[in-house]
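Student: Provided below are the primary sequence and the corresponding predicted coordinates.
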Amino acid sequence: MVVCSDTSKFSTPGANFGIFCSTPGIAVGRCVPKSRATYMLFTGEPITAQEAYESGLVTKVVPASELDNEVNKIIEKIKHKSRSVIALGKEFYYKQIDLSLMEAYKLGEDIMVKNINSNDGQEGIKSFVEKRKAIWSHE
């Protein structure tokens with residue numbers, strides 16, 4: 001999740017200085033389309049915040065004056081969730097990226113069962129059925 005201001009610029013300028021951005025190139029190459037990644041890596045030219053958004057490099061672009069407020073809004077949304085569920089989801093997300101499709105679905109199945117059987121998984125289901133706000137134990 002990446003939030004940036006509308007004045008942000010993103011670059012891999014190594015080619016401008018005779019040092020190709022090989023390690024940044026790994027991250028860029030896995031995050032943005034090939035055409036955008038090669039443009040950034042081979043020209044060393046920066047891309048705008050809007051171009052980064054259109055490429056999937058950032059989640060949201062906001063006016064610079066609203067950046068801190070927007071980040072705080074996102075933090076507020078996340079902090080009211082179950083910490084154990086968010087931790088489980090975060091662990092799953094990063095593990096599944098390196099797996100084959102079938103392995104990722106198998107892991108997803110295992111995580112879903114673990115989540116549903118957790119205290120907060122049960123509380124989430126119960127609070128949804130009862131149409132009330134969940135009271136998380138963070139377990």
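Tutor: Looks like it came in fine.
Student: list the contacts of Glu139.
Tutor: Counting by Cβ atoms under 8 Å, 6 or more residues apart in numbering, Glu139 makes contact with Ser84, Ser118, Asn119, Asp120. From N, CA and C alone the C-beta is placed, and that goes for glycine too.
Student: quick one: the helix or strand of the chain with the lowest mean pLDDT to chain centroid distance?
Tutor: Lowest by mean pLDDT, DSSP states H and E among the helices and strands of the chain is helix 22-31, with a mean of 91. With Cα atoms, centre = their mean, to the nearest Å as the basis, helix 22-31 stands 16 Å off its chain's centre.
Student: can you tell me what sits against that helix?
Tutor: Contact partners of helix 22-31, identified using Cβ under 8 Å, 6+ apart, comprise Thr12, Gly14, Cys21, Ala37, Met40, Leu41, Ser55, Gly56, Leu57.
Student: which of those sit farthest apart?
Tutor: Distance extremes for the contacts of helix 22-31: the farthest pair is Gly14 and Gly56 at 21.8 Å, using Cβ to Cβ.
Student: ok, back up a step: restricted to helices, list the contacts of helix 22-31.
Tutor: Ala37, Met40, Leu41 (DSSP state H).
Student: which other helices and strands contact whichever helix in the chain runs longest?
Tutor: Scanning the chain for the helix with the most residues, using DSSP H, yields helix 101-116. On a contact count with 3 or more Cβ pairs under 8 Å, 6 or more residues apart in numbering; DSSP states H and E, helix 101-116 meets helix 83-96, helix 119-129.
Student: adding distance to Gly29, mean pLDDT and mean neighbour count, write these out as JSON lines.
Tutor: Shown next, in JSON lines, are those (distance: least, Cβ to Cβ, whole Å; pLDDT from 0 to 100; neighbours: other Cβ atoms under 10 Å):
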{"stretch": "helix 83-96", "distance to Gly29": "18", "mean pLDDT": "94", "mean neighbour count": "14"}
{"stretch": "helix 119-129", "distance to Gly29": "36", "mean pLDDT": "94", "mean neighbour count": "15"}
